[in-house]
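>>> Sequence plus predicted model, see below.
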Amino acid sequence: MNDFIAFVQNKYIYVPFFLWFGIQLFKLIYDLYTTKKFNFKRIMGAGGMPSSHSAVVAGLATLIRKI
């Protein structure tokens, strides 16, 4: 159980995950607002701007730099 708690509290795990999820959610909401259609592929698909991959890399680089 302690290993799971340590895993969940590891900022190098949850910060990139929440960044990825937030960017994907933003793309879904923006696409829904502009096209008036729900496109589930926007939450799981790659590509488009803003880039969730770039957000994850920038977030990790910022976390590592603060050590």
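Right, received. Where do you want to start?
>>> start to end distance for stretch 40-57?
With CA to CA, to the nearest Å as the measure, the ends of stretch 40-57 fall 24 Å from one another.
>>> Let's check: the centremost residue of the protein is which one?
Nearest residue to the geometric centre of the chain (CA atoms, centre = their mean): Trp20, 0.8 Å.
>>> Next SSE downstream of the helix or strand bottoming out on mean pLDDT in the chain?
Within the chain, confidence by mean pLDDT, DSSP states H and E is lowest for helix 41-44 among all helices and strands, at a mean of 72. Following helix 41-44 in sequence order, the next helix or strand is helix 52-65 (DSSP states H and E).
>>> just checking, what packs against that next one?
helix 11-35 (3 or more CB pairs under 8 Å, 6 or more residues apart in numbering; DSSP states H and E). Where you see a C-beta, it was placed from the backbone N, CA and C, and this is true even at glycine.
>>> can you give me how far the helix it packs on is from the chain middle?
With CA atoms, centre = their mean, to the nearest Å as the basis, helix 11-35 stands 5 Å off its chain's centre.
>>> Dump the C-alpha coordinates for stretch 12-20 into PDB.
Extracted in PDB, the C-alpha atoms of stretch 12-20 (Å, rounded to 0.1, in the frame of the first residue of the first chain):
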ATOM      1  CA  TYR A  12       6.600  13.400 -11.900                       C
ATOM      2  CA  ILE A  13       3.600  11.100 -12.500                       C
ATOM      3  CA  TYR A  14       0.500  13.200 -11.800                       C
ATOM      4  CA  VAL A  15       1.600  16.600 -13.200                       C
ATOM      5  CA  PRO A  16       2.200  15.300 -16.700                       C
ATOM      6  CA  PHE A  17      -1.000  13.200 -16.500                       C
ATOM      7  CA  PHE A  18      -3.100  16.200 -15.500                       C
ATOM      8  CA  LEU A  19      -1.400  18.400 -18.100                       C
ATOM      9  CA  TRP A  20      -2.200  15.900 -20.800                       C
END
